[in-house]
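Student: Predicted model follows, preceded by the sequence.
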Amino acid sequence: MTAAENVCYTLINVPMDSEPPSEISLKNDLEKGDVKSKTEALKKVIIMILNGEKLPGLLMTIIRFVLPLQDHTIKKLLLVFWEIVPKTTPDGKLLQEMILVCDAYRKDLQHPNEFIRGSTLRFLCKLKEAELLEPLMPAIRACLEHRHSYVRRNAVLAIYTIYRNFEHLIPDAPELIHDFLVNEKDASCKRNAFMMLIHADQDRALDYLSTCIDQVQTFGDILQLVIVELIYKVCHANPSERARFIRCIYNLLQSSSPAVKYEAAGTLVTLSSAPTAIKAAAQCYIDLIIKESDNNVKLIVLDRLIELKEHPAHERVLQDLVMDILRVLSTPDLEVRKKTLQLALDLVSSRNVEELVIVLKKEVIKTNNVTEHEDTDKYRQLLVRTLHSCSVRFPDMAANVIPVLMEFLSDNNEAAAADVLEFVREAIQRFDNLRLLIVEKMLEVFHAIKTVKIYRGALWILGEYCSTKEDIQSVMTEVRRSLGEIPIVESEIKKEAGDMKPEEEVTVGPTQKLVTEMGTYATQSALSSSRPAKKEEDRPPLRGFLLDGDFFVAASLATTLTKIALRYVALVQEKKKQNSFIAEAMLLMATILHLGKSSLPKKPITDDDVDRISLCLKVLSECSPLMNDIFNKECRQSLSHMLSAKLEEEKLSQKKESEKRNVTVQPDDPISFMQLTAKNEMNSKEDQFQLSLLAAMGTTQRKEAADPLASKLNKVTQLTGFSDPVYAEAYVHVNQYDIVLDVLVVNQTSDTLQNCTLELATLGDLKLVEKPSPLTLAPHDFANIKANVKVASTENGIIFGNIVYDVSGAASDRNCVVLSDIHIDIMDYIQPAACTDAEFRQMWAEFEWENKVTVNTNIIDLNEYLQHILKSTNMKCLTPEKALSGYCGFMAANLYARSIFGEDALANVSIEKPIHLGPDAPVTGHIRIRAKSQGMALSLGDKINLSQKKTSL
């Protein structure tokens, strides 16, 4: 066995720059030096032994000159020395000198200082030689009665490890520890003793627990945690014991320690599925989330609640606790609030929807009064979406929700206002009885809307759903109020000319003719009143948008005016009123066109907007029935089709979710009754404690894919050639935030290789956590070296390096073998995710890094190519299936994914089938990738480039 394979419990940092001392100088220091030089010499000896040196000549020197010293530092170093020094001859017999060492241990176990006694007992846990331990047993037993708890708890640990490894040395250990436990008062000693009984003699542990089951609440938290573990294991192995201990678990839910409460709640859920047990556990989880300040703890416990909800039988119990769950919203962290709202929405039912809506309305109003924080807007958006979902699922709630939410249309935050508008649009289309209320409320807040996007949407809703003569007149009044004085060009020129005079006065001057860009004359009166300049903020909103050059809103206004004018003509029989209304609508459109063509706006009107406004003018001048149908009926039908398609898609995804959750049982499946299950069959159930321990160690047993290429062997990378003096290969194990390299190093020479060191360096956002320690390799020997690399962001990384070593006895310089590069795949960190179209567009506009990849593939079908890209990049297609179905020779789709570090990756696939090249021509086009960081955009582009072509198996 090599030094690297020896079990060692103590890690020592070795300074590499120092010269290795000679054995003679060390012997001299250990014999004749003072305490300080002996300490330094002993440290050097330990380091040399760790590096593979044997140093047999120093053993007797240390026993004679260092062992008798009473210095605490030296005693501690000696314990490390005796742990690593070879204690047997090559044929496996114990060295004679170790008898002297054994006597020294015995004296230390009777030392008056409790630190020396305790640390010696800790050291004895690491000894694997029964001959050394046998003479020490009476002294170890005596330590159980020491006055100091440090000695007693280490004595328990020593007895446990000795009993586990060499039962014949202390066969009565369980009985001894049980008696010790009954009389012990210190919490840490009781915990260690109880822990030993659980593993050594479970029946005695249960007997002890039965005697003190009523006092469990008074125990310390470390002992309570061990008791929870014992109860879980016992009930897991023997379900008939449940009734005996379940009351104890209920009591531990009231513990003062959060860790105990969390474990007790988790254990209670696995032991019982009774509604009272689920309710108690869920209530305990909710209390933990509210009381714990750490956001990570909150998120972990929320995940446990979400797991509970996944079980159909538990869902109804949790529905009664929705109001308690909503108390978590008092947490300022957005991620916690997001998960809480999602959970509450999943649990909402007709029984609790009213209370839920009241709480959410209060929360929305609260966000209005809070001083602006970067997350307040996002939180408001989340609340609006949750209320939207509630109202769609429970239409009776919409009437309560809409008036509160419509106040937010005038909000400065466009995202929240856009969500409200989307909700209002859906509600006004779905719920006929709410139309009058929504139109009335919309007219109230219309003048206060500040952002152009919301203004456009509000105009559309008013134009589409105003059905009475009074409402139509109100819309026209609001539009006139929002547009200000007309004609706009003339009034603006007047204002500008008036602003030229410094003080307010009436002056008489020559009449001035101003020629506008359209070639018409704008005449200004000789009497001009000059007033101080009006601030831009005083402009009516619509006028402000137009003067800023945003004429898309003008096109929207023209459509709205056309709709309400056509509707007004149908409602009012009087010709004079009809003509008057149409003329007013046409005047507004004409004045906007005039403004667009003048030089007053910051940007001139676009041709598209001119065409739209001109079309609307033409429609109003002709008033044909066909146009009336298109404007007033078919627009609404389009919205109706879109909303029904969206609803269908939501229902489909919900159906898929519920199918996942519902466990289907076949008619001929055997039914297993817990009470009738044999004990050996019980072990097949997963032990939660074992699973959590494996997860913490990063060795979770993942189910390997059926494909042999997906097995571990696929992740083994050869680092050197077979003819190199040192052969190396690495297994790359990717955990969430770190990568573990398990490197196998083989000495292929007939020489001993000393100080064989794996030197690694990284490229990209990777960081080497610790430097692998050097080792000595015997001829044709091998060893495994583990190296940890921390990952900070999603991008392709490269690990490179070399192996350096000295050949034993050779005078030459250090030898070096260069290793091949290890490429870290970005796909281990990318997961499919979903977002709304609005969020996608916003991110697409914000992200500055773009990578354009040209499609170069052998796939001839558009849909097949898209599926291939989704599979190879781990991204999710946001474009609905209905939009992708059918065949028209080209395809556009949006893809989205998130990394485990919270980075977003967007992609737009634009592909076509070149028909002129024949039916077997491959797909052509581009994929544009956008990301916040350069690394993500480039890495994803590389991945697509590498995997575009379909490999034939």
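Tutor: Great, that's in hand.
Student: any idea how far residue 606 lies from residue 486?
Tutor: Plainly put, residue 606 is 22 Å away from residue 486 if you go by Cβ to Cβ, to the nearest Å. Any C-beta I mention is one placed from the backbone N, CA and C, and that applies to glycine too.
Student: Past the helix or strand containing residue 314, which element shows up next along the chain?
Tutor: Applying DSSP states H and E as the criterion places residue 314 in helix 312-319. The helix or strand immediately downstream of helix 312-319 is helix 322-325, counting by DSSP H and E.
Student: by contact count, what packs against that next one?
Tutor: Contacts defined by 3 or more Cβ pairs under 8 Å, 6 or more residues apart in numbering; DSSP states H and E place helix 322-325 against helix 275-291, helix 334-347, helix 353-369.
Student: Compare the ones you listed and report which one is nearest to residue 926.
Tutor: Nearest of the helices and strands packed on helix 322-325 to residue 926, taken as Cβ to Cβ: helix 334-347 at 34.2 Å.
Student: what angle separates the helix holding residue 314 from helix 275-291?
Tutor: Between helix 312-319 and helix 275-291, the angle comes out at 50 degrees (axes from the mean of the first three to the mean of the last three Cα atoms, to 10 degrees).
Student: Helix 312-319 to helix 334-347, inter-axis angle?
Tutor: With the same axes, to 10 degrees as the criterion, the two stretches helix 312-319 and helix 334-347 enclose an angle of 110 degrees.
Student: Find the nearest non-adjacent residue to residue 308, please.
Tutor: Closest residue to residue 308 in three dimensions, ignoring its sequence neighbours and counting by Cβ to Cβ, 6 or more residues apart in numbering: residue 314, at 5.0 Å.
Student: if we look at stretch 457-469, which residues are touching it?
Tutor: Counting by Cβ atoms under 8 Å, 6 or more residues apart in numbering, the neighbours of stretch 457-469 from elsewhere in the structure are 409, 418, 421, 424-425, 428, 435, 438-439, 442-443, 446, 449, 472, 474-475, 478, 553, 556-557, 559-561, 563-564, 567-568, 571-572, 635-636, 639.
Student: and the residue nearest to residue 304 when sequence neighbours are not counted, how many neighbours?
Tutor: Once flanking residues are discounted, residue 304 sits nearest to residue 285: 5.7 Å by Cβ to Cβ, 6+ apart. For residue 285, the number of neighbouring residues by other Cβ atoms under 10 Å comes to 25.
Student: Likewise for residue 88?
Tutor: When neighbours are counted by other Cβ under 10 Å, residue 88 comes out with 12.
Student: Was I right to think it contacts residue 128?
Tutor: No: using Cβ atoms under 8 Å, residue 88 is not in contact with residue 128; the gap is 10.3 Å.
Student: what sits against the residue nearest to residue 308?
Tutor: Taking Cβ under 8 Å, 6+ apart, we find residue 314 in contact with 273, 278, 308.
Student: Any of these buried? List them.
Tutor: 278, 308 (16 or more other Cβ atoms under 10 Å).
Student: any idea which of the contacts of residue 314 is the one closest to residue 83?
Tutor: Proximity to residue 83 was ranked across those by Cβ to Cβ; first place goes to residue 308, at 46.8 Å.
Student: Name the helix or strand for that closest one, please.
Tutor: Here residue 308 is covered by helix 295-310, with elements defined by DSSP H and E.
Student: hmm, who's touching that helix?
Tutor: Counting by Cβ under 8 Å, 6+ apart, the neighbours of helix 295-310 from elsewhere in the structure are 258, 262, 265-266, 269, 278, 281-282, 285-286, 288-289, 292, 314-315, 318, 325, 328, 331, 333, 335-336, 339-340, 343, 346-347, 661.
Student: got it, and stretch 241-249?
Tutor: Outside of stretch 241-249, the residues that reach it under the criterion Cβ under 8 Å, 6+ apart are 209-210, 213, 216, 227-228, 231, 234-235, 264, 267-268, 271-272, 277.
Student: circling back: what separation is there between the residue nearest to residue 304 and residue 846?
Tutor: 37 Å.
Student: Next, the contact list for residue 443, please.
Tutor: Under the criterion of Cβ under 8 Å, 6+ apart, the contact partners of residue 443 comprise 462, 471, 474-475, 478.
Student: Wait, a strand at it?
Tutor: No: residue state for residue 443 (DSSP: H, G, I helix; E, B strand; the rest coil) corresponds to helix; a strand is not indicated.
Student: Tell me how many other residues surround residue 865.
Tutor: For residue 865, the tally of surrounding residues (other Cβ under 10 Å) stands at 23.
Student: any idea which helix or strand carries it?
Tutor: Applying DSSP H and E as the criterion places residue 865 in helix 862-873.
Student: what comes up buried for that helix?
Tutor: Applying a neighbour-count criterion of 16+ other Cβ under 10 Å, the buried positions in helix 862-873 are 862, 865-866, 868-870, 873.
Student: Show me the two of the residues you listed that sit farthest apart.
Tutor: Longest distance between any two of the buried residues of helix 862-873 is 16.7 Å, between 862 and 873; criterion Cβ to Cβ.
Student: number of nearby residues for residue 161?
Tutor: Residue neighbour count, defined by other Cβ under 10 Å, stands at 16 for residue 161.
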